[in-house]
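K.L.:
Quick one: sequence plus predicted model below, questions after.
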Amino acid sequence: APVDSAALAAMRDRIAHRGPDHADAYVALRRQAGLGFRRLRIIDLSAVANQPMPNEDGSIHVVFNGEIYNYLDLRADLVARGHQFRSKSDTETIVHLYEEYGAGCIERLDGMFGLGIWDEPKGRLILARDRAGKKPLFYQADPKRVLFASEMKAFLGHPSFAAEIDRDAVAPYFLYGYVPGPRTWYRGVRQVEPGGMVTFDRSGSMTSRRYWTLTFPEEKDLKPVPRAEATARVRELVTAAVKRRLMSDVPLGAFLSGGVDSTVVVGVMRSLGVSPLKTFSIGFEGDAAFDETAPARRTAERFETDHTEFLVKPSAIDLLDTLIWHHDGAFGDSSAIPTYMVAKLTRE
């Protein structure tokens with residue numbers, strides 16, 4: 001069925017909180033496809049990097065949430081192959097990579113992403129998600145249309161969508177504290193699986209495949225690794241992982257708890273020359289068991305960060321509706337409460 005531009009805009013603006021910096025939409029010539037996007041500017045803050053992003057002749061359009069860590073290497077290869085870039089964004093790398101390699105381009109991306117590619121000449125929509133599933137991507141399909149979005153609440157903007165609870169999701173939720181993918185809380189709504197790709201053609205037929213699977217060596221092939229060698233290798237990998245995530249045209253910061261993980265990340269960021277480095281911690285009044293501000297403060301002093309502490313009175317009941325709205329349903333991890341609060345206060 002033809003794309004309804006008003007419904008597309010309504011879907012897009014349901015998730016305005018994901019991208020407060022710019023809003024736009026693209027509707028294909030014969031109205032077979034529509035892409036809406038809300039942008040949060042991180043790399044290349046100019047208007048030329050806005051999305052949906054087309055190729056030179058407008059036959060390919062991409063919407064992309066996340067960050068591609070190896071985009072500069074990919075870009076250099078594409079330039080050598082004759083592609084011309086008009087922006088400095090990682091998004092444009094995906095456009096030209098698709099022109100060069102088709103759907104196989106996804107396997108070349110190192111990053112966190114949920115993305116959609118509309119290929120007008122082939123009448124094809126490709127949805128893909130990063131290997132670990134760090135970025136969300138949902139879809140719902142029936143014989144007349146396919147909806148997809150970073151959050152399920154976007155579907156509520158389409159008049160044909162009915163949010164009906166999938167009763168078979170209730171038991172797994174109580175077992176795990178969340179609904180395991182690809183199922184969701186809602187009947188007919190599915191997640192694109194981590195390391196997965198879903199393709200729809202013009203007729204509405206769907207195919208899916210895993211482009212990446214985590215594999216382990218056979219036990220017989222394992223050899224002992226000396227402790228010093230293992231330590232050095234972990235340090236090398238962690239440093240490389242943090243370094244890849246430091247590409248940004250906006251200031252960098254870190255959430256700092258009293259734990260090992262965030263302390264290591266902050267230490268590596270400082271060793272890589274991030275300055276000034278802003279760090280943020282949250283503490284709870286009246287409950288010392290959940291207050292990690294003291295060890296976080298010591299870490300901040302050790303690495304000379306620009307540190308901010310928030311001390312709050314926890315009130316989970318007051319946050320219940322907000323958290324359910326953001327998670328698109330029940331979510332059984334209590335860490336959602338401090339995570340939401342420290343993110344909100346940091347934004348301010």
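P.N.:
Ah, there it is. Numbering: from 1, shown residues only.
K.L.:
Please enumerate the helices of the stretch 1-150 of the chain.
P.N.:
For the stretch 1-150 of the chain, the helices defined by DSSP state H, counting those that start in this stretch cover 5-14, 71-80, 90-101.
K.L.:
Against which helices or strands is the first one packed?
P.N.:
On a contact count with 3 or more Cβ pairs under 8 Å, 6 or more residues apart in numbering; DSSP states H and E, helix 5-14 meets strand 22-27, strand 34-39. Just so you know, the C-beta spots here come from the backbone N, C-alpha and C atoms, and that holds for glycine as well.
K.L.:
repeat for the longest one
P.N.:
Applying 3+ Cβ pairs under 8 Å, 6+ apart, one finds that helix 90-101 contacts strand 53-54, strand 60-68, helix 71-80, strand 111-119.
K.L.:
closest one to residue 319 among the ones you listed?
P.N.:
strand 60-68 (24.6 Å; Cβ to Cβ).
K.L.:
Name the residues that touch that closest one?
P.N.:
Strand 60-68 has contacts (Cβ atoms under 8 Å, 6 or more residues apart in numbering) with 18, 26, 35-37, 42-43, 51-55, 74, 90-91, 93-95, 98-99, 109-120, 130, 134-135, 137, 150, 245, 247.
K.L.:
rerun that using 7 Å as the cut-off
P.N.:
26, 35, 37, 42, 51-54, 90-91, 93-95, 98-99, 109-119, 130, 135, 150 (Cβ atoms under 7 Å, 6 or more residues apart in numbering).
K.L.:
what's in contact with the helix or strand hosting residue 340?
P.N.:
For residue 340, the host element (DSSP states H and E) is helix 336-347. The list of residues contacting helix 336-347 from outside it, by Cβ under 7 Å, 6+ apart, reads 255, 280, 282, 310, 312, 314, 316, 319, 323, 327.
K.L.:
can you tell me which of those residues lies nearest to residue 269?
P.N.:
residue 255 (12.0 Å).
K.L.:
all strands for the stretch 101-250 of the chain, in order.
P.N.:
111-119, 124-129, 138-142, 145-149, 189-191, 196-201, 206-210 (DSSP state E, counting those that start in this stretch).
K.L.:
Please identify which of those is closest to residue 286.
P.N.:
It is, among those and with distance given as Cβ to Cβ, strand 111-119, at 36.5 Å.
K.L.:
Tell me the pLDDT of the closest residue to residue 271 other than its chain neighbours.
P.N.:
Sequence neighbours aside, residue 239 is the residue nearest to residue 271 in space, at 7.5 Å (criterion: Cβ to Cβ, 6 or more residues apart in numbering). On the pLDDT scale, residue 239 is placed at 97.
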